[in-house]
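Chemist: got a predicted model here, sequence first, then my questions.
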Amino acid sequence: MQVISSITELQPFTGGAFVPTMGALHAGHRLLIREASASGLPVLVSVFVNPAQFAPHEDLDSYPRTLEQDLAAASEDGAAAVFVPSAETIYPDGQSVWSPPLPAVATEPRLEDAYRPHFFGGVCGVVARLFDLTRPAVSFFGEKDWQQLKVIEAMVSAHSERWGELRIVGVSTVREPDGLALSSRNVHLLDKDRHRALAIQRALRAADGLSQAAAESAMTQILLDSDLVVDYAVVRNADTLGQPCDDLPKRALIAATLDGVRLIDNAPVG
Ligand code: PAF
């Protein structure tokens, strides 16, 4: 497996399968890489902790960095190369890098967009830059960050002329045996409090089959009973993340904080 840091070395991977990450690879990322390998195309993984998607008060400095393990994991899962660009490669001084206009699903739902107002600007900017540099045929994103997945799909379909036939594939969330969604941030949960995080999974399960209002109030109550700080616990249209309507797919989405660790999760609901 090659480790690449310069733009010129990316050329052989044009038209391949691309998995962008911020490193600290866990089983969720590894499933993305294995799904990418199953496409039969050469797999390029990127590892870049993108400062532009963190607000000053967020956890950029404490975000886990584990490059040696990440390279070993990517190689085991079938990556042909890992692109580890410097900040200067992604955001070259004095050269303007295209900032894609944000699609409605990045600004209107009042979910991550409301609680992390800088986030989708940073994500779309870096993903657009990575797509420009790597020119993949297909790219893989985890369903755990459901709104991010919808934002990337919308960005790509609004700019089909820029990235050709690029296809975005969502990959299901990998969970611990007890149901906690894997996240690079789980390492910051205190052992003694970790069981309280399971309220998120219980809340998502409880929402299934209820009316929107009943589901939202049941989820909120379950989270509050475990002393989580709730940003949102809502049921939305699964694609637009606007208000749900009966005959279109719906998704329950939660963001809550425990031990100062912000956790997000989601599930389809009927
Ligand atoms: O989901 C992530 O890890 C990041 O937001 C991404 C898509 C790699 C962009 O930095």
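Modeler: Noted; the coordinates are in hand.

Chemist: using the three-state scheme, assign Phe18.
Modeler: Counting by DSSP: H, G, I helix; E, B strand; the rest coil, the backbone at Phe18 sits in strand.

Chemist: is it in a bridge, and if so with what?
Modeler: Beta-bridge partners recorded for Phe18 (DSSP bridges): Leu44, Ser139.

Chemist: that one reaches Asp132, doesn't it?
Modeler: No. When contacts are counted by Cβ atoms under 8 Å, Phe18 is not listed as touching Asp132 (11.6 Å). The way it works is simple: take the backbone N, C-alpha and C, and place the C-beta from them, glycine included.

Chemist: can you get me a residue count around Asn186?
Modeler: For Asn186, the count of nearby residues is 16 (other Cβ atoms under 10 Å).

Chemist: with Gln2 instead?
Modeler: Using other Cβ under 10 Å, Gln2 has 13 other residues around it.

Chemist: what do you get for Ala87?
Modeler: 13.

Chemist: show me what contacts the residue lying closest to it once chain neighbours are set aside?
Modeler: Distances taken as Cβ to Cβ, 6 or more residues apart in numbering place Pro51 nearest to Ala87, at 6.9 Å, with adjacent residues excluded. Taking Cβ atoms under 8 Å, 6 or more residues apart in numbering as the criterion, Pro51 is in contact with Leu60, Ala87, Gly122.

Chemist: may I have the phi/psi pair for Pro51?
Modeler: phi -60, psi -30 (degrees, to the nearest 10).

Chemist: please renumber the chain so that the first residue is 44 from this point on.
Modeler: In the new numbering, first residue 44, that becomes Pro94.

Chemist: what's the pLDDT at it?
Modeler: pLDDT, Pro94: 94.

Chemist: okay, it and the ligand: tell me how far apart.
Modeler: Pro94 sits 10 Å away from the ligand, taking Cβ to the nearest ligand atom, to the nearest Å as the criterion.
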